[in-house]
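*Asks:* model the following, please.
(one chain, ligands or ions: 1)
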Amino acid sequence: DKANYRHFMAKEIHEQPEVVGHTLARYVDMATERIALPVKLPFDFKDIQRISIVACGTASYAGYVGKYWIERFGRLPVELDVASEFRYREAPLRKGDLAIFISQSGETADTLAALRYAKAEGVHTLSVVNVATSTIARESETVLQTLAGPEIGVASTKAFTCQLMVLAAIAVAAGKARGELSDADENRLVKGLVEIPRLMAAALSTEPQIEKLAREIAKHKDVVYLGRGTSYPLALEGALKLKEISYIHAEGYAAGELKHGPIALIDENMPVVVIAPHDKVFEKTVSNMQEVAARGGNIILMTDARGAAEATVDSLVTIVLPDMASAFTPMVYAVPVQLLAYHTAVVMGTDVDQPRNLAKSVTVE
Ligand code: F6R
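*Replies:* Predicted coordinates for the structure are as follows:
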């Protein structure tokens with residue numbers, strides 16, 4: 001049931017600190033601050049030359065973040081595909097390599113077909129699924145479950161952040177197995193993961209501010225989302241979430257791509273949501289924000305206290321998230337991104353949990 005929430009989506013957004021915490025507890029050993037995958041992998045990351053990550057929709061954006069983490073911590077090349085493309089383009093796969101499939105339902109037709117293709121090609125298959133009894137789980141060589149619990153709202157929220165937690169654990173495990181991370185690196189990264197549920201809970205306290213902002217966003221026909229690094233897939237996710245439940249047109253772009261076309265859209269009417277934790281690429285994103293500001297765009301900046309202090313740009317609204325030392329910001333920044341879509345949809349009066357034309361599980365291609 002919806003407990004005291006108006007919609008399942010609201011309940012599921014608010015559940016995230018708890019369920020991401022459960023997922024964390026399944027993948028790390030808190031006592032030793034080590035990654036401890038619940039199953040023994042039938043391969044060694046040292047022998048893998050390339051990983052293919054395959055998923056649809058929101059799960060594919062989790063995969064996109066996972067790609068950045070696995071490449072950074074494991075120094076292992078990762079290719080990301082949406083399943084509908086992967087299955088028909090007959091991507092050449094090397095026997096013994098690894099393909100990762102991400103799916104909340106575990107029943108998505110294209111993702112399942114992609115899994116079957118990968119198996120036939122002789123690669124190891126690992127699925128990150130929420131429904132343990134699903135077809136994708138049953139047919140995968142290895143299953144790493146997300147412990148999000150049943151997700152009822154059609155728009156995926158808690159499954160996404162739990163997928164990110166599992167992918168973070170995979171990335172650190174890969175880095176460790178490949179000798180790219182030391183024991184101390186692993187401890188530091190695991191400490192960063194252990195902080196996440198608390199930081200997500202803190203991020204939920206931006207809700208009153210976001211509710212107000214949503215009334216402004218609801219007046220617009222188009223919204224642009226920008227991000228760099230792991231905030232780029234989150235920009236894609238923010239735009240998808242807004243589109244699917246509020247029916248407001250939105251686009252997510254890599255902040256550096258702005259000047260290659262989309263900047264033509266920017267005028268004094270365009271809200272631009274900039275997702276910019278104070279990380280390695282923060283300065284670069286600030287210069288993209290300046291380009292937006294110079295054209296009168298209304299900047300909604302999602303950053304931390306340091307970022308807010310250092311961003312030399314006038315924003316319409318700055319949403320301040322907790323300062324984070326780790327690279328795991330997408331799990332925390334997902335919260336305001338989801339809340340913004342949710343509250344905008346509520347203002348628009350749409351059917352938040354059952355948006356038009358959408359089904360929770362897409363079992364036809
Ligand atoms: C977006 C959304 C969809 C799903 C996609 C994959 O909010 O819910 O984009 O993420 O259909 O579904 P699963 O994860 O069940 O394979």
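*Asks:* contacts for the top helix by length along the chain, please.
*Replies:* Ranked by residue count and defined by DSSP state H, the top helix of the chain is helix 183-204. The contact list for helix 183-204, computed with C-beta atoms under 8 Å, 6 or more residues apart in numbering, reads 13-14, 16-18, 20-21, 24, 28, 30, 33-35, 73, 161, 165, 168-169, 172, 175-176, 181, 321-322, 324-328, 331-333, 335-336, 339. Just so you know, the C-beta spots here come from the backbone N, C-alpha and C atoms, and that holds for glycine as well.
*Asks:* around the ligand, pick out the residues from the stretch 1-150 of the chain.
*Replies:* Counting by C-beta under 6 Å from any ligand atom, the stretch 1-150 of the chain comes close to the ligand at 56, 57, 58, 59, 103, 104, 105, 108, 111.
*Asks:* what sits closest to the residue in the stretch 1-150 of the chain that the ligand sits nearest to if chain neighbours are left out?
*Replies:* Of all residues in the stretch 1-150 of the chain, the one sitting closest to the ligand is residue 57 (1.9 Å; C-beta to the nearest ligand atom). The shortest distance from residue 57 to any residue that is not its chain neighbour, by C-beta to C-beta, 6 or more residues apart in numbering, is 6.8 Å, and that residue is residue 240.
*Asks:* could you give the number of residues near the one you found?
*Replies:* Residues contacting residue 240 under the criterion other C-beta atoms under 10 Å number 22.
*Asks:* isn't it up against residue 58?
*Replies:* Yes. Assessed by C-beta atoms under 8 Å, residue 240 is found in contact with residue 58 at 6.5 Å.
*Asks:* quick revisit: now the residue of the stretch 1-150 of the chain closest to the ligand. Its backbone dihedrals?
*Replies:* Note on residue 57: its backbone torsions stand at phi 60, psi -130 [degrees, to the nearest 10].
*Asks:* please report the distance of it from residue 241.
*Replies:* If you measure residue 57 against residue 241 using C-beta to C-beta, to the nearest Å, the figure is 10 Å.
*Asks:* residues contacting the spatially most central residue of the chain?
*Replies:* The residue at the geometric middle of the chain, judged as the C-alpha nearest the mean C-alpha position with C-alpha atoms, centre = their mean, is residue 62 (3.8 Å). For residue 62, the contact set (C-beta under 8 Å, 6+ apart) comprises 55, 102, 128, 160, 163, 164, 167, 233.
*Asks:* quickly check the residues you listed for the two that are furthest apart.
*Replies:* Within the contacts of residue 62, 128 and 233 form the most distant pair, 15.1 Å apart (C-beta to C-beta).
*Asks:* who has more neighbours out of the two?
*Replies:* Comparing residue 128 with residue 233 by other C-beta under 10 Å, the one with more neighbours is residue 128, at 33 against 26.
*Asks:* identify all contacting residues around whichever strand or helix holds the more buried one.
*Replies:* When elements are defined using DSSP states H and E, residue 128 is found to belong to strand 124-129. Where contact means C-beta under 8 Å, 6+ apart, the residues beyond strand 124-129 that reach it are 41-43, 48, 62, 96-106, 115, 118-119, 136-137, 139-146, 163, 166-167, 170.
*Asks:* neighbours around residue 90, how many?
*Replies:* Taking other C-beta under 10 Å as the neighbour definition, residue 90 ends up with a count of 9.
*Asks:* name the helix or strand for the nearest residue to it once chain neighbours are set aside, please.
*Replies:* Nearest residue to residue 90 in three dimensions, chain neighbours excluded: residue 117, at 7.6 Å (C-beta to C-beta, 6+ apart). The secondary structure element spanning residue 117 is helix 109-120 (assigned by DSSP H and E).
*Asks:* now that helix, how far from the centre of its chain.
*Replies:* 22 Å (C-alpha atoms, centre = their mean, to the nearest Å).
*Asks:* what sits up against that helix?
*Replies:* 52, 54-56, 59, 81-84, 86-87, 90, 93, 99, 101-103, 125, 127, 135-136, 139-141, 362-365.
*Asks:* of these, keep whichever come out buried.
*Replies:* Neighbour-count burial (16 or more other C-beta atoms under 10 Å) applied to the contacts of helix 109-120 gives 52, 54-56, 59, 81-84, 86-87, 93, 99, 101-103, 125, 127, 135-136, 139-141, 362.
*Asks:* okay, and which of the residues you listed map to strands?
*Replies:* Secondary structure defined by DSSP state E assigns 52, 54, 55, 81, 82, 99, 101, 102, 103, 125, 127 of the buried ones among the contacts of helix 109-120 to strands.
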